[in-house]
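Asks: Structure here, sequence nowhere to be found:
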């Protein structure tokens, strides 16, 4: 089971430098992923997590850099594909993204995810749904279109002014397979993720029993559909208070290392979690001893 | 006068095939080196859907540069503002500004390549008006907690950025080429004007026009600030410098300038794939400075004399500029 960190950061002027410093430390001691979420509320949010992670890409060497809660229907989907490809190039293949399922129109979002994947993998494509046309031309038809091998062709710089019917989104990501996930909050989301080879992500605000139920259902769906293990991750985000007495909050894990190991082992076995993300509270950020203890006394025993 | 520089779009050059990830790694290294070498600013440009993988996200590239530098200005050179909804541009700018501790400078152009407007589904014919309105929106949203704006193309009522920038406002320049229309638009709107690479004579003419339009619109002289791009190829002899220029044209500029409508004729029409002997292209080639470092110092002193606040040197030879141009230029200023 891989280990990642995510952060509750309320104010970038105060919180970002601490987040960046902790992420660099996490990179040095072997934490496997850093997750920065999109926050658009108020005036102290993080609307462009890709920017924060790109700054981290320049100063880390091995930690995966994951965008969390990205609202895909906001803005143009090509920009999302470009942004993640640029992060992947700056980090030499360490980028990943988890989209928010907060859209009212799930069918549209699923179409957009297909489009974003095609932007990364294919040259010369067109796409249209009720809200977007790429390229914006009367000839662009609904759904995803690829190049016709028999159509006349010229190098891009020789084509002149006419808008082409197909365009390539560039640059391509460094990796041929960008880790891609989605927040799952119900059975329908679980079913779609399982069929579409998209990793399920259950956030820290979902109670543990509901989280286990959702992720267990995902595993069942995958097995019934005869999907190979390893093609996707099963990602669970939790708040963890190491060394503190367990409280009433069913969403958090608390207690000494032995207690947390046992609790996580149960969750891991029941939900087949492959990637645990520790959501760090603002009070925990910068606590290096806490992190080292977790790696040696909790994460290590859980590996074997 | 500040001297800025930067990479040519993080694109694969025809003369130098290499892995894209290596180009990105070098961009970060070069940002650090540019700061160490004494440049005042380091930039990133924007194009979309390019065969050479040109970087489409200049502010994101500057976030990487911000992480390894502490002093140097981080400059979009240029960002194609009409391709963004202004709030989206403001979010990206404020994020980079926070990460850099307030070092972002926005060079904002209107764009010209039809495929970029079609790809990102924005109207090309209104781009000039939307550039001015977009800059006005950015100035408001980065200087106030909430803002309202009622333009022809953009309208906001009590809107706010979901993140405050470190600089309030973030400096924003109108990058408008060297057409009379650009001087008029930027001067009339009272926006700082960043001229495209051009001959010294043409630059002088445009600065004069800009200031005249600005004064006629009632803007005070101190608001009418100017900067310039300058393509630069250096050598110990003029022949060596011209050889460097030929390499720059062959490996990068030629198809970009000829193929995508950068050149504009006397009627204001974009021209695609004219012959290399076309006077418009010859003028473009002649506008690329090709000379010795000493000649460049003299040229830049003339730019300084025009009241330029900054010159962005687009060059494959930043080391020569750092060793033989910056010290002489600054010594001249001190004298």
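Replies: Good, I have the coordinates. Nothing here was measured: the structure is a model prediction, and the numbers come from that model.
Asks: Starting from the helix or strand harbouring residue B:107, tell me which strands it pairs with and how they run.
Replies: Assigned by DSSP states H and E, residue B:107 belongs to strand B:104-109. Counting by DSSP bridges, the strands paired with strand B:104-109 are strand B:73-80 (parallel), strand B:172-175 (parallel).
Asks: What's the first helix or strand after the first one?
Replies: Next in sequence after strand B:73-80, counting helices and strands by DSSP H and E, comes helix B:86-99.
Asks: can you count the residues close to the closest residue to chain A within the stretch 1-150 of chain B?
Replies: Ranked by Cβ to the nearest Cβ, the top residue of the stretch 1-150 of chain B for proximity to chain A is residue B:53, at 3.5 Å. Yep, even glycine has a C-beta here, placed from its N, CA and C like the rest. Using other Cβ atoms under 10 Å in any protein chain shown, residue B:53 has 20 other residues around it.
Asks: if I read this right, it contacts residue B:10, doesn't it?
Replies: Yes. Applying Cβ atoms under 8 Å, one finds residue B:53 in contact with residue B:10, separated by 7.4 Å.
Asks: remind me which residues of chain A are low pLDDT?
Replies: A:12-13, A:102-104, A:246-247 (pLDDT under 70).
Asks: er, the stretch 201-335 of chain B actually
Replies: The low-confidence ranges in the stretch 201-335 of chain B, as defined by pLDDT under 70, are B:333-335.
Asks: quick one, strands of it?
Replies: Taking DSSP state E, counting those that start in this stretch to define them, one finds strands in the stretch 201-335 of chain B at B:226-234, B:263-264, B:270-271, B:289-291, B:308-314.
Asks: so who does residue B:104 touch?
Replies: Taking Cβ atoms under 8 Å, 6 or more residues apart in numbering or on different chains, we find residue B:104 in contact with B:59, B:62, B:73-76, B:93, B:96-97, B:165, B:167, B:170-171.
Asks: Tell me what it is bridged to.
Replies: residue B:74.
Asks: try residue B:270
Replies: Beta-bridge partners, per DSSP bridges, of residue B:270: residue B:264.
Asks: what's the burial count for it?
Replies: Using other Cβ under 10 Å, residue B:270 has 16 other residues around it.
Asks: Just give the nearest non-adjacent residue to residue B:31, would you?
Replies: residue B:65 (3.7 Å; Cβ to Cβ, 6 or more residues apart in numbering or on different chains).
Asks: If you could redo that for residue B:154, that was the one I meant.
Replies: Residue B:154 sits nearest to residue B:133 (Cβ to Cβ, 6+ apart), 5.2 Å away.
Asks: Please apply the same query to residue A:26.
Replies: That would be residue A:5: by Cβ to Cβ, 6+ apart, it lies 5.5 Å from residue A:26.
Asks: element containing the one you found?
Replies: Here residue A:5 is covered by strand A:2-7, with elements defined by DSSP H and E.
Asks: For residue B:143, the count of nearby residues, please.
Replies: Count around residue B:143 with other Cβ under 10 Å applied: 13.
Asks: Kindly apply the preceding question to residue A:286 instead.
Replies: 14.
Asks: Name the SS class of it, please.
Replies: Classification of residue A:286 using DSSP: H, G, I helix; E, B strand; the rest coil returns coil.
Asks: and it, what does it touch?
Replies: By Cβ under 8 Å, 6+ apart, the neighbours of residue A:286 are A:18, A:21, A:22.
Asks: Could you check how far the closest residue to the first one other than its chain neighbours is from residue B:67?
Replies: Here the nearest residue to residue A:18 in space, its sequence neighbours aside, is residue A:285; by Cβ to Cβ, 6+ apart that works out to 4.9 Å. Between residue A:285 and residue B:67 the distance, using Cβ to Cβ, to the nearest Å, works out to 18 Å.
Asks: quick one, which of those two is more surrounded?
Replies: Counted by other Cβ under 10 Å, residue A:285 and residue B:67 do not tie: residue B:67 has more neighbours, with 23 against 18.
Asks: Need phi/psi at the more buried one.
Replies: phi -70, psi -20 (degrees, to the nearest 10).
Asks: which residues touch it?
Replies: Listed by Cβ under 8 Å, 6+ apart, the contact set of residue B:67 reads A:20, A:55, A:56, A:58, A:59, B:28, B:99.
Asks: coming back round to it: now the common contact residues for residue B:53 and residue B:10.
Replies: With Cβ under 8 Å, 6+ apart as the test, residue B:53 and residue B:10 both reach A:171, B:20.
Asks: Would you list the strands that the strand holding residue A:5 pairs with, along with their directions?
Replies: Here, using DSSP bridges, strand A:2-7 pairs with strand A:33-37 (parallel), strand A:275-280 (parallel).
Asks: Of those, which is nearest residue B:194?
Replies: Ranking these by their distance to residue B:194 (criterion: Cβ to Cβ) puts strand A:33-37 first, at 32.3 Å.
Asks: what about the helix or strand following that closest one and chain B, any contact?
Replies: Using DSSP H and E, the next helix or strand after strand A:33-37 towards the C-terminus is helix A:49-57. Yes. Under the criterion of Cβ under 8 Å from any Cβ of the partner chain, chain B is reached by helix A:49-57 at A:50, A:51, A:52, A:54, A:55, A:56, A:57.
Asks: show me where chain A has helices.
Replies: A:12-29, A:49-57, A:77-90, A:106-121, A:187-196, A:208-224, A:257-271, A:288-294, A:300-302 (DSSP state H).
Asks: With respect to residue A:202, which of the ones you listed lies nearest?
Replies: Proximity to residue A:202 (Cβ to Cβ) singles out helix A:208-224 among those, at 4.4 Å.
Asks: Tell me which residues are up against that closest one.
Replies: A:184-187, A:190-191, A:193-195, A:200, A:202, A:206, A:229, A:232, A:234, A:236, A:238, A:250-251, A:253, A:267, A:270-273.
Asks: Quick one: residues contacting residue A:120.
Replies: Applying Cβ under 8 Å, 6+ apart, the residues contacting residue A:120 are A:81, A:84, A:85, A:169, A:172, A:173, A:178.
Asks: Is the fifth one in contact with residue A:82, as I believe?
Replies: In this case it means residue A:172. No. Counting by Cβ under 8 Å, residue A:172 stays clear of residue A:82, with 10.3 Å between them.
Asks: Spit out the contact partners of residue B:288.
Replies: Residue B:288 makes contact with B:197, B:231, B:232, B:233, B:245, B:248, B:249, B:253 under the criterion Cβ under 8 Å, 6+ apart.
Asks: Now for the contacts of residue B:104: which two are most distant?
Replies: So, these by Cβ to Cβ: farthest apart are B:75 and B:165, at 15.1 Å.
Asks: that older thread, follow the chain on from the strand holding residue B:107 and name the next helix or strand.
Replies: Next helix or strand after strand B:104-109 toward the C-terminus (DSSP H and E): helix B:114-119.
Asks: tell me the mean pLDDT for the very next helix or strand once past that next one?
Replies: Per DSSP H and E, helix B:114-119 leads on to helix B:127-141 as the next helix or strand towards the C-terminus. The average pLDDT within helix B:127-141 is 97.
Asks: ok, residues contacting helix B:127-141?
Replies: Here helix B:127-141 has contacts from B:81-82, B:84, B:86-87, B:89-90, B:93, B:106, B:108-111, B:117, B:122-123, B:147, B:149, B:151-154, B:156, B:159-161, B:169-170, B:172, B:174, B:176, B:181, B:185-186, B:189, B:191, using Cβ under 8 Å, 6+ apart.
Asks: List buried residues within those residues.
Replies: Buried members of the contacts of helix B:127-141, scored by 16 or more other Cβ atoms under 10 Å in any protein chain shown, are B:81-82, B:84, B:86-87, B:89-90, B:93, B:106, B:108-111, B:117, B:122, B:147, B:149, B:153-154, B:156, B:159-161, B:169-170, B:172, B:174, B:176, B:185-186, B:189, B:191.
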